[in-house]
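*Asks:* Test case, fold it:
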Amino acid sequence: MPTATVTSKGQITIPIEVRKALNLKAGDRLDFFQTKDGDYFVQPNTGSIMDMEGILKKLGYVPDGFTVSIEDMNETVLDHAAELDRMTMSDYMEGNSDGKDA
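*Replies:* Purely as a prediction, here's the structure:
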């Protein structure tokens, strides 16, 4: 198993076999994601957004076999937007002393 030592400045040298496996080059960035169990998952930040597919499952936030449809996602986003809209309107109406709309 490859290992690395952290310097006093918080730096490490990534072992060559890990750099090759992750196709890392000088200047590449790494993202660190904390799992729900407190462990960390490291992923190169060199690809497209499509590389994030399945990240919640890898991090342990989604159980095996659980899927969400696009329709479910759209409905959740719309519900949240409607709730934000309701909250904004109630805040506005409470602050409007004459009771008239804008």
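*Asks:* what's the neighbour count on the residue lying closest to residue 44 once chain neighbours are set aside?
*Replies:* Of all residues not flanking residue 44 in the chain, residue 22 sits nearest, at 5.2 Å (CB to CB, 6 or more residues apart in numbering). Any C-beta I mention is one placed from the backbone N, CA and C, and that applies to glycine too. Neighbour count of residue 22, defined by other CB atoms under 10 Å: 15.
*Asks:* Settle this for me: residue 22 is touching residue 51, isn't it.
*Replies:* No. Using CB atoms under 8 Å, residue 22 makes no contact with residue 51, being 11.7 Å away.
*Asks:* residue contacts, the nearest residue to residue 4 once chain neighbours are set aside?
*Replies:* Leaving aside its sequence neighbours, residue 4 sits nearest to residue 12 (CB to CB, 6+ apart; 4.1 Å). Taking CB atoms under 8 Å, 6 or more residues apart in numbering, we find residue 12 in contact with 4, 5, 6.
*Asks:* Kindly recompute the last result at 10 Å.
*Replies:* 3, 4, 5, 6 (CB atoms under 10 Å, 6 or more residues apart in numbering).
*Asks:* Which one of those residues is nearest to residue 55?
*Replies:* Taking CB to CB as the measure, residue 4 is the one of the contacts of residue 12 closest to residue 55, at 23.3 Å.
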